[in-house]
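# Got a predicted model here, sequence first, then my questions.
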Amino acid sequence: MIERIENTVAFITGGASGIGLGIAAALAHRGASVAVADIRADHLAQARDQAVRDGWEDRFLGLELDIADRQAFAEALKAAEARFGPLRILVNNAGVGIAGPVAEATFGDWDWGLSVNLGGVVNGLVCGLPLLRRHGLGGHIVITSSLGALMPPRPTRGIYATAKAGLIALAEHLRLDLQHSGIGVSVLLPGPTLSKIHESEQTRPAELRAGSRFVGNATDKAPAGITWQDPGIAGRMTVEAILADRLYIVTHGEYLDAVKARNAAIEEAVRQATDLREGMRG
Ligand SMILES: NC(=O)c1ccc[n+]([C@@H]2O[C@H](COP(=O)([O-])OP(=O)(O)OC[C@H]3O[C@@H](n4cnc5c(N)ncnc54)[C@H](O)[C@@H]3O)[C@@H](O)[C@H]2O)c1
């Protein structure tokens, strides 16, 4: 487990923008060294500018990485350890806001949405977990899902929510598997947060675009009464959850009724199952 952030080493995917940068900054402000891995060079440059402005450039390492590339992922982790020392905190945060009619999705849509939003996290675990285990100092893994994955379905979010719901299950099971290992696991469930996720289409590989009706520009309006939240809040919440070793990190309390509505529908189906089965026995 992580008892203090100071002098730890963290690796954050998608850490050069939005929520990932919020987490990187919150960790750096508490004294961690942060390796920020991102597919966009312009985001990495902006993140470096922020580190310089806020006085943590000596503890900042920017790495260009596509998390769907397994070999490159392993090499980026190696580069982070070579610069800062043993990895303690792994934040699997990078994701793309793919949006479109799931019933008409192409293989390209599925391959892009899942290879980044789900496969990228799998790659982080397979490459990164051995590093966290090796030193015996304890560690923590954060996986960024979405609060949307726990709410009733929304139009156009089929691929995105499929990946994000999978990440919740992954984090829950990983935490169980690692319970005696000194490595904690948290799943971050953000609500609407200011970021560049509406620019996601820019990073879709060209060969996965043909015939697609999907867009990477998930320009969802926040529902009435909800304001887009500063990513620094998600960052600070994540740091507190790492220290407290909490499984779920939720950034928006406003969605309680929506989460309850989905749970209530599932509970009702479970309740009915007994009656239905009894009826079939007769
Ligand atoms: N912003 C929100 O409202 C919101 C809500 C729920 C969940 N999320 C999740 O939060 C995470 C962070 O998103 P954000 O909103 O901060 O968006 P963002 O676009 O500002 O940040 C994501 C970063 O990931 C990088 N990235 C994209 N594909 C990559 C790849 N293949 N390899 C490496 N880096 C890649 C992008 O370049 C970007 O810098 C995502 O997983 C997203 O699904 C965001």
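Happy to help now that I have it.

# ok, which stretches of the stretch 1-150 of the chain are helices?
Counting by DSSP state H, counting those that start in this stretch, the stretch 1-150 of the chain has helices at residues 18-29, 41-54, 70-84, 107-117, 119-134.

# residues contacting the residue in the stretch 101-250 of the chain positioned nearest to the ligand?
In the stretch 101-250 of the chain, the residue that lies nearest the ligand is Ser195 (3.1 Å; Cβ to the nearest ligand atom). All C-beta atoms are positioned from the backbone trio N, CA, C, and that covers glycine. Taking Cβ atoms under 8 Å, 6 or more residues apart in numbering, we find Ser195 in contact with Ser17, Gly18, Ile19, Pro231.

# and the ligand, which of those reach it?
Among those, the ones lying close to the ligand by the criterion of Cβ under 6 Å from any ligand atom are Ser17, Gly18, Ile19.

# rewinding a little: can you give me the pLDDT of the residue of the stretch 101-250 of the chain closest to the ligand?
Residue-level confidence at Ser195 comes out at 96, pLDDT.

# of all the ones next to the ligand among the contacts of Ser195, which comes closest to the ligand?
Gly18 (2.2 Å).

# Where does the residue of the stretch 101-250 of the chain closest to the ligand fall, secondary structure wise?
Assigned by DSSP states H and E, Ser195 falls within no helix or strand.

# hang on, the earlier thing: for the ones next to the ligand among the contacts of Ser195, which single residue is the most surrounded?
For the ones next to the ligand among the contacts of Ser195, counting by other Cβ atoms under 10 Å, the largest number of neighbours falls to Ile19: 29 neighbours.

# And that one, how far from Gly253?
Distance of Ile19 to Gly253, given as Cβ to Cβ, to the nearest Å: 17 Å.

# before we move on, back to that, wait, which of the contacts of Ser195 is closest to Leu129?
Ile19 (22.0 Å; Cβ to Cβ).

# Which residues are in contact with that closest one?
Asn93, Thr144, Leu188, Pro190, Thr193, Ser195, Pro231, Ala234, Gly235 are the contacts of Ile19 under Cβ under 8 Å, 6+ apart.

# residues from this protein in reach of the ligand?
Residues of the chain lying near the ligand (Cβ under 6 Å from any ligand atom): 13-14, 16-20, 38-40, 43, 65-68, 93-96, 116, 120, 144, 146, 190, 192-193, 195-197, 203.

# In strands, which of these fall?
If you go by DSSP state E, the residues of the chain next to the ligand have Thr13, Asp38, Thr144 in strands.

# shaky segments in this protein?
Within the chain, the segments meeting pLDDT under 70 span 217-223, 282.

# rerun that using 80 as the cut-off
216-227, 282 (pLDDT under 80).

# Domain boundaries for it, per the record?
As assigned by automatic domain parsing, the chain contains the domains 9-251, 256-282.

# Out of those domains, which is the most enclosed?
With neighbours taken as mean count of other Cβ atoms under 10 Å, the domains of the chain reach their highest mean count in domain 9-251, at a mean of 19.

# Figure out the length between the terminal residues of that one.
End-to-end distance for domain 9-251, by Cα to Cα, to the nearest Å: 24 Å.

# Show me the residue sitting in the middle of this protein in space.
Geometric centre of the chain, nearest residue: Thr144, 2.0 Å, by Cα atoms, centre = their mean.

# residues in contact with that residue?
Taking Cβ under 8 Å, 6+ apart, we find Thr144 in contact with Gly14, Ile19, Gly20, Val91, Asn92, Asn93, Ala94, Gly95, Leu167, Val187, Leu188, Pro190.

# go with 6 Å
Asn93, Leu188 (Cβ atoms under 6 Å, 6 or more residues apart in numbering).

# Repeat that for the one 5 residues further on.
Ala149 makes contact with Ala161, Lys164, Ala165, Ile168, according to Cβ under 6 Å, 6+ apart.

# Confirm the second one sits in a strand?
By that I understand Lys164. No: read with DSSP: H, G, I helix; E, B strand; the rest coil, Lys164 is helix and lies in no strand.

# Distance to Arg134 for the contacts of Ile19 - can I get that in JSON lines?
Compiled in JSON lines, these are given as follows (distance: Cβ to Cβ, whole Å):
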{"residue": "Asn93", "distance to Arg134": "23"}
{"residue": "Thr144", "distance to Arg134": "24"}
{"residue": "Leu188", "distance to Arg134": "25"}
{"residue": "Pro190", "distance to Arg134": "31"}
{"residue": "Thr193", "distance to Arg134": "33"}
{"residue": "Ser195", "distance to Arg134": "33"}
{"residue": "Pro231", "distance to Arg134": "31"}
{"residue": "Ala234", "distance to Arg134": "29"}
{"residue": "Gly235", "distance to Arg134": "27"}
